[in-house]
Every structure is written in C-alpha cells, then in structure tokens.
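Trainee: Mind looking at a prediction? Sequence and model below.
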Amino acid sequence: MKKRIVIIPTYNEIENIEAMIRKVFSLPMDFDVLIVDDSSPDGTGERVRALQKEFSGLHLEQRTGKLGLGTAYIHGFKKALAWGYEYIFEMDCDFSHNPEDLPRLYAACADKGHDVAIGSRYSQGVNVVNWPMSRVLLSFFASYYVRFITGMPIADTTAGFKCYKRQVLETINLDRIRFIGYAFQIEMKFTAWKFGFSITEVPIIFTDRTKGKSKMSGGIIKEAVWGVMQMKIRSLFQRYQR
C-alpha cells in the first residue's frame with residue numbers, strides 16, 4: 001500500500017503552485033501530491049503538467065469549470081483511495097498552511113494512533129499571521145459557534161489542513177457529504193467525530209496568503225452559518241456505525 005499523498009485543490013494559483021510543489025517534494029519525508037485543478041484560466045494546470053516531467057509522484061486531475069472546494073476534495077479522496085494511499089492529506093496552495101507541518105500531522109496519526117490530525121490555529125491561543133482583526137474574530141467565533149451547535153470538542157472546526165487515515169475516508173460515505181464551500185471542512189470533521197474516530201489537533205501557525213486572491217465570499221459564510229444547524233438536525237436521524 002502506498003504511504004502518503006497531499007491533495008491540493010487549485011483555481012488560479014499560478015503564483016503559488018510551482019513553489020508549493022517544489023516545497024512539498026523537498027521535505028525529508030516522502031509525500032506524493034495530487035493537484036485537483038478546476039480548469040484555471042491562468043495556466044495553473046499547464047504548469048503542473050510541465051512539472052510532472054520532473055516529479056514522478058505528482059498527479060493532476062483537471063475538472064471542467066469551477067465546481068467548488070468540497071467537490072474537489074471528494075474527487076481527490078476517491079482517487080487517493082483507489083490508488084491505495086494509507087495517509088491522505090489536504091491543504092491549501094497559498095502557503096497559509098506550511099508544508100513543513102505535514103510530517104507533524106503524519107506523526108500524530110502514524111505514531112500516536114489518531115485517525116484524523118488537524119492543523120489547528122486555535123488549540124493554543126490564536127496563531128494567525130497577517131489577518132485583519134475582523135477576519136480573526138470572524139474565524140474564531142465561527143469555530144465557537146460550530147462547537148456550540150454540534151458539541152464537537154475541536155477548537156478549530158473550520159480548519160482545512162488535515163491528515164486522514166484511509167479508514168476514515170472509507171467509512172464516511174463521501175457521496176453524502178453535502179457542502180461544497182468551506183463548510184465542507186466542518187461536515188467532514190463532524191462526520192468523522194460522529195463515527196467515533198480519534199481526532200487530534202496539532203498546533204500550527206497560519207499565515208495569510210501573500211500571492212493570489214482569496215476565495216472567501218459571503219455565500220461561503222452563509223453556507224457555514226445555516227448549514228451547520230441543518231447538519232446537526234440531519235444527524236439526529238442518522239446512524240453512525242462502522
């Protein structure tokens with residue numbers, strides 16, 4: 001069985017993609033990389049395709065149109081499972097997630113026995129760099145709101161930097177994950193928690209992007225606020241057995 005693969009969804013990340021790929025492949029621990037690109041008009045996919053000649057563990061899935069963060073990860077998860085990877089990671093392309101933290105997430109699962117490891121901004125205070133205070137407060141209180149509604153004992157409920165053991169993704173019915181925006185991150189954690197998987201938080205320092213444009217929007221926030229309540233209500237009528 002193959003060991004580790006990092007799934008990175010992209011849309012117009014030409015300014016970050018090559019540096020990110022080179023950084024991941026320069027780590028002392030081996031990670032393969034799967035880029036799920038939503039037909040970026042800026043040439044992100046073409047740059048990845050050129051780099052595949054240099055890195056044998058670099059994979060590219062190009063989709064037709066901008067289909068959403070959640071569906072990009074679901075697409076990547078299914079590919080990683082089919083290819084036989086044991087540890088499956090997700091992270092952003094904009095260096096807000098430091099690739100050097102990947103081995104720490106891996107160790108939390110492989111060495112310490114957890115099923116999911118979350119790169120957490122809030123497990124030890126607030127570890128965010130270059131965000132305006134308004135966004136820090138929005139993110140922090142969004143996580144508080146999610147904890148209040150769901151009961152999840154997780155400080156950073158909206159985090160998007162994670163390591164899964166394959167059993168988690170095999171157990172979750174990926175086709176039933178409903179959210180496509182950032183609320184996808186909440187739903188995946190909530191579902192894994194409801195199935196009784198061991199989830200741990202690994203403290204990280206989150207640094208806001210310096211290149212490219214943020215994909216955050218009002219619609220994403222609305223999905224998270226109302227979607228969390230709907231998710232909680234639906235869960236009362238579901239059975240979580242593995």
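Mentor: Okay, I see it.
Trainee: nearest residue to residue 49 other than its sequence neighbours?
Mentor: In this structure, residue 49 finds its nearest non-sequential neighbour in residue 60, 6.0 Å apart by C-beta to C-beta, 6 or more residues apart in numbering. All C-beta spots, glycine's among them, are computed from the backbone N, C-alpha and C.
Trainee: isn't residue 43 right next to residue 15, touching?
Mentor: No - here residue 43 does not reach residue 15: they are 10.8 Å apart, not a contact under C-beta atoms under 8 Å.
Trainee: Which of the two has more residues huddled nearby?
Mentor: residue 15 (16 against 13; other C-beta atoms under 10 Å).
Trainee: quick one: the helix or strand hosting residue 170 to chain centroid distance?
Mentor: For residue 170, the element it lies in under DSSP states H and E is helix 166-171. Centroid separation for helix 166-171 versus its chain: 15 Å, with C-alpha atoms, centre = their mean, to the nearest Å.
Trainee: same check, this time on stretch 87-103
Mentor: 8 Å.
Trainee: Flag every buried residue along that stretch.
Mentor: Judged by neighbour count using 16 or more other C-beta atoms under 10 Å, the buried positions of stretch 87-103 are 87-99, 101-103.
Trainee: from these, which is closest to residue 165?
Mentor: Taking C-beta to C-beta as the measure, residue 87 is the one of the buried residues of stretch 87-103 closest to residue 165, at 6.4 Å.
Trainee: For residue 45, which non-adjacent residue is spatially closest?
Mentor: Excluding its sequence neighbours, the residue lying closest to residue 45 (C-beta to C-beta, 6+ apart) is residue 37, at 4.3 Å.
Trainee: any weak-confidence spans in this structure?
Mentor: 1, 125, 127, 130-131, 209-224 (pLDDT under 70).
Trainee: coming back round to it: now the residue nearest to residue 45: how far from residue 63?
Mentor: 7 Å (C-beta to C-beta, to the nearest Å).
Trainee: Out of these two, name the residue with the larger neighbour count.
Mentor: residue 37 (24 against 17).
Trainee: I'd say residue 79 and residue 34 touch.
Mentor: Yes - shown here, residue 79 and residue 34 form a contact pair, counting by C-beta under 8 Å, at 6.3 Å.
Trainee: what is in contact with these two at once?
Mentor: 59, 61 (C-beta atoms under 8 Å, 6 or more residues apart in numbering).
Trainee: the more surrounded of the two?
Mentor: For residue 79 versus residue 34, the count of surrounding residues by other C-beta under 10 Å is larger for residue 34: 24 against 17.
Trainee: Check which element follows the helix or strand hosting that one along the chain.
Mentor: Here residue 34, judged by DSSP H and E, is contained in strand 32-37. For strand 32-37, the following helix or strand on the C-terminal side (DSSP H and E) is helix 44-51.
Trainee: Show me what the following helix or strand past that next one packs onto, helices and strands only.
Mentor: Using DSSP H and E, the helix or strand that follows helix 44-51 in sequence is strand 58-62. Other elements packing on strand 58-62 under the criterion 3 or more C-beta pairs under 8 Å, 6 or more residues apart in numbering; DSSP states H and E are strand 32-37, helix 44-51, helix 69-82.
Trainee: Buried residues in the second one, which are they?
Mentor: In other words, helix 44-51. 44, 45, 47, 48, 51.
Trainee: For my notes, please list these in JSON lines and give distance to residue 28 for each entry.
Mentor: What follows is those, written out as JSON lines (distance: C-beta to C-beta, whole Å):
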{"residue": "44", "distance to residue 28": "27"}
{"residue": "45", "distance to residue 28": "28"}
{"residue": "47", "distance to residue 28": "25"}
{"residue": "48", "distance to residue 28": "23"}
{"residue": "51", "distance to residue 28": "20"}
